[in-house]
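Undergrad: Next comes the sequence, and after it the predicted model I'd like to discuss.
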Amino acid sequence: MTGSRLTLGVQKKGRLAEGGMELVRRAGVKLAWGRDELMRRAENLPLDLMLIRDDDIPNFVASGACDYGIVGENVLYEAQARSPRIAGLETVMKLGYARCRLKLASPKDGEVRAVDDLAGRTVATSYPSLTERFLNERGVDAEIVEMSGSVEIAPRMGIADAICDLVSSGATLEANGLAAFETVLESEAVLIRAPRSKSAEIESTAELLVERFKGVIASRQTKYILLNAPKDRLEDVRAVLPGSDAPTVAPVVGRDDVVAVHAVCTEEVFWSTLEKLKAVGARSILVMPIEKMMA
Ligand SMILES: Nc1ncnc2c1ncn2[C@@H]1O[C@H](COP(=O)(O)OP(=O)(O)OP(=O)(O)O)[C@@H](O)[C@H]1O
Ligand SMILES: O=P(O)(O)OC[C@H]1O[C@H](OP(=O)(O)OP(=O)(O)O)[C@H](O)[C@@H]1O
Ligand SMILES: [Mg+2]
């Protein structure tokens, strides 16, 4: 590690790690092969990845051990609520993956159905500060039981009346006979940085990385659509294309009544979109991913 190389803290393994590595790879970072379990060096940029537990990332960035970090908003805000030093960290950008919600939930057949029902009861969570702050804001006095994981078993074990935990599909709640009744936080992965930078070189690497991350994120949903359309249905076809302002319209050899349409669609293209395109006369519809984008 030198003063001119950017150190980016990323989760070693888990939900954040997968998306983070994919983002870094798609941003053109080539990682050198190495045995080091803690650091991965980039071959083609002055960048090193530090592979750590996600809970440690806010602290590592605040202390300067990492210049930047990728972490879930849930972990970041909990750490910020606990430590004024971490509260000074800046969020550079949202990264659009590891989306989940921190929710209050209780046994389906129990007495707790709303936030007010928690008064005088116990709530198990790995996010005590966020949970406490939320309950304080609602003027509800409940006891918080801190657990480091497997929070959803707490009601069944008689440890708590309700839980405050991460929910994505809801399958874990369902499997444990729980139902959510309130959202405390919406979360996704974010890029964070310390307020002060160590060097101009590190900042210029960060700027390049941020621009590339933006390009990767923009290209994730964006698709390139190619289709043939009857000339007289062109406006109908354009109306169906999601988030495309200026498609290219080109002639089709030997067909006066048909044109080829090429469009960059910035919104998700569903099967239903293709069905609508077909219904307005489009044929030979191709949807292709976009590898890279720069405005
Ligand atoms: N079900 C989910 N769907 C989407 N994102 C999630 C889900 N659960 C957690 N996350 C997000 O991913 C982050 C990491 O989750 P993971 O389960 O990998 O963490 P962990 O077990 O705390 O890992 P570590 O060993 O690094 O401490 C969470 O803090 C949250 O931001
Ligand atoms: O709503 P769902 O889609 O079921 O996801 C929610 C579950 O995902 C997370 O756990 P994870 O699977 O990461 O395991 P962990 O608790 O061991 O970290 C979270 O802590 C929930 O338990
Ligand atoms: Mg963790």
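TA: Thanks, I have the structure now. Ligands and ions are numbered 1, 2, ... in the order given.
Undergrad: just the CA coordinates of the helix or strand encompassing N136, formatted as PDB?
TA: Per DSSP states H and E, N136 falls inside helix 128-137. Only the C-alpha atoms of helix 128-137 are listed here, as PDB (Å, rounded to 0.1, in the frame of the first residue of the first chain):
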ATOM      1  CA  PRO A 128     -30.200  -1.400  17.700                       C
ATOM      2  CA  SER A 129     -29.400   2.200  17.000                       C
ATOM      3  CA  LEU A 130     -31.600   2.500  13.900                       C
ATOM      4  CA  THR A 131     -34.400   0.600  15.700                       C
ATOM      5  CA  GLU A 132     -34.200   2.700  18.800                       C
ATOM      6  CA  ARG A 133     -34.100   5.900  16.900                       C
ATOM      7  CA  PHE A 134     -37.100   4.900  14.800                       C
ATOM      8  CA  LEU A 135     -39.100   3.900  18.000                       C
ATOM      9  CA  ASN A 136     -38.100   7.100  19.700                       C
ATOM     10  CA  GLU A 137     -39.300   9.200  16.800                       C
END
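Undergrad: got a list of what G69 touches?
TA: L8, G9, V10, I57, P58, F60, V61, L191, I192, R193 (CB atoms under 8 Å, 6 or more residues apart in numbering). In short, each C-beta sits where N, CA and C put it, glycine included.
Undergrad: Could you verify that the fifth one is part of a helix?
TA: In other words, P58. Yes - remark: P58 belongs to a helix, assigned using DSSP: H, G, I helix; E, B strand; the rest coil.
Undergrad: Those residues of the stretch 1-150 of the chain touching ligand 3, which are they?
TA: Within the stretch 1-150 of the chain, the positions near ligand 3 by CB under 5 Å from the ion are D54, D55.
Undergrad: Look at T91 and report its pLDDT.
TA: As predicted, T91 sits at a pLDDT of 97.
Undergrad: And what about it, helix, strand or coil?
TA: strand.
Undergrad: Setting aside sequence neighbours, what's the nearest residue to it?
TA: Nearest in space to T91, with sequence neighbours left out and distances taken as CB to CB, 6 or more residues apart in numbering, is V190 at 4.9 Å.
Undergrad: In the chain, which residue is most central in space?
TA: Y97 (2.3 Å; CA atoms, centre = their mean).
Undergrad: Let me know the secondary structure of it.
TA: The local conformation at Y97, judged by three-state DSSP, is coil.
Undergrad: Ramachandran coordinates for it?
TA: phi -140, psi 180 (degrees, to the nearest 10).
Undergrad: Quick one: residues contacting it.
TA: Taking CB under 8 Å, 6+ apart, we find Y97 in contact with G19, L23, E188, A189.
Undergrad: Flag every buried residue along stretch 182-192.
TA: The neighbour-count check on stretch 182-192 (16 or more other CB atoms under 10 Å) flags E182, V184, L185, S187, A189, V190, L191, I192 as buried.
Undergrad: quick one: which of the residues you listed is nearest to ligand 2?
TA: S187 (11.0 Å; CB to the nearest ligand atom).
Undergrad: Kindly state the beta-bridge partners for the closest one.
TA: Judged by DSSP bridges, the bridge partners of S187 are C100.
Undergrad: and it, how far is that from A179?
TA: 20 Å (CB to CB, to the nearest Å).
Undergrad: With E137 instead?
TA: Look at E137 and A179: by CB to CB, they are 22 Å apart.
Undergrad: cool, and A81?
TA: Taking CB to CB, one finds A81 at 26 Å from A179.
Undergrad: Could you list the residues of the stretch 51-200 of the chain in contact with ligand 2?
TA: G149, E152, D165, L166, V167, S168, S169, G170, A171, T172 (CB under 6 Å from any ligand atom).
Undergrad: Which ones among these map onto strands?
TA: Using DSSP state E, the subset of these located in strands is D165, L166, V167.
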